[in-house]
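**Q** how would this look folded up:
(one chain, ligands or ions: 1)
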Amino acid sequence: MMTDEPLLRVSALSKFYGSRIGCEDVSFELWPGEVLAVVGESGSGKTTLLNCLSTRLLPTSGTASYRMRDETWRDLYRMSEAERRFLMRTDWGFVHQNPADGLRMTVSAGANVGERLMAVGDRHYGNIRASAVDWLGRVEIGEDRIDDEPRAFSGGMRQRLQIARNLVTSPRLVFMDEPTGGLDVSVQARLLDLLRGLVTDLGLAAIVVTHDLAVARLLSQRMMVMKDGRVVETGLTDRVLDDPRAPYTQLLVSSILQV
Ligand SMILES: Nc1ncnc2c1ncn2[C@@H]1O[C@H](COP(=O)(O)OP(=O)(O)OP(=O)(O)O)[C@@H](O)[C@H]1O
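**A** Numbering: from 1, shown residues only. Below is the predicted model:
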């Protein structure tokens, strides 16, 4: 899936909330098909960075450019609101920690998946329904639940439905904010397995925010460790976890291993 050009280029990105640092001077490139984990303790700036990258929040300074499907590079913060919304509906996905933030809780599971297809111009009811059934199956939700509303689903099912809703339009980049966050450990493990399979099969690029190093280990090839809004270490996930170089990463890794 790797090509000779990145998908996203981020340079010196900073976000301040008044005088408080959200994230500061973050630079990296993300390649097609690459999964980058952003880890760090609570308050380290992970969510701020993710929200800036997905244009839900405007940074204070710095740039981020994205290579569109037609190969043109676009500055994310100079796009019109309509262009950004189009990108979010088509080429990007956003998986929230709380599925209720990424689903419409009072329409059926099938419609939750189908309406993303309609948003990209699909109008054929039969095709939309068939894709919805197919995607529900891929995330292990039975066809018999297609007309149920997500509020009748368990937390794990809701999260799987949110993933189906995001992936049905074949995005190239998915942002994930603690995707297994609020779930039981056994449900987490199954969801992680499923996510890993889908990301690999679809050749998706993803930026996954997590405080859980096991999630980073399972899902990502590369890792960025943040502390107080700044990146303190970045590298291949296995290298960072097996041979952490920054003192803060060493602390993070050893504190997890002791648990
Ligand atoms: N809307 C806001 N207004 C003011 N300060 C904020 C706001 N959002 C975040 N911050 C501050 O920015 C810093 C980074 O917060 P952020 O939520 O990005 O961290 P995080 O690593 O995602 O934490 P968590 O894992 O707890 O979600 C913190 O000091 C936080 O208090």
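**Q** rest of the way, CA atoms for contacts and neighbours
**A** Noted.
**Q** what does stretch 60-79 rub up against?
**A** Here stretch 60-79 makes contact (C-alpha atoms under 8 Å, 6 or more residues apart in numbering) with 6-16, 25, 53, 55, 58, 84.
**Q** got the CA coordinates for stretch 215-227 in PDB?
**A** Extracted C-alpha coordinates of stretch 215-227, given in PDB (Å, rounded to 0.1, in the frame of the first residue of the first chain):
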ATOM      1  CA  VAL A 215      -3.500  -0.900  21.700                       C
ATOM      2  CA  ALA A 216      -0.600   0.900  20.100                       C
ATOM      3  CA  ARG A 217       1.400  -2.300  20.000                       C
ATOM      4  CA  LEU A 218      -1.400  -4.200  18.300                       C
ATOM      5  CA  LEU A 219      -2.600  -1.600  15.800                       C
ATOM      6  CA  SER A 220       0.300   0.700  14.900                       C
ATOM      7  CA  GLN A 221       3.500   0.500  12.900                       C
ATOM      8  CA  ARG A 222       4.800   3.800  14.300                       C
ATOM      9  CA  MET A 223       4.300   5.600  17.500                       C
ATOM     10  CA  MET A 224       4.500   9.200  18.800                       C
ATOM     11  CA  VAL A 225       4.900   9.700  22.500                       C
ATOM     12  CA  MET A 226       3.600  13.100  23.900                       C
ATOM     13  CA  LYS A 227       4.200  14.800  27.100                       C
END
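**Q** how about the strands in the protein?
**A** Applying DSSP state E to the chain gives strands spanning 8-17, 20-30, 35-39, 61-67, 73-75, 92-95, 173-177, 205-209, 222-227, 230-236.
**Q** in its sheet, which strands sit next to the last one, and in what direction?
**A** When sheet partners are counted by DSSP bridges, strand 230-236 sits next to strand 222-227 (antiparallel).
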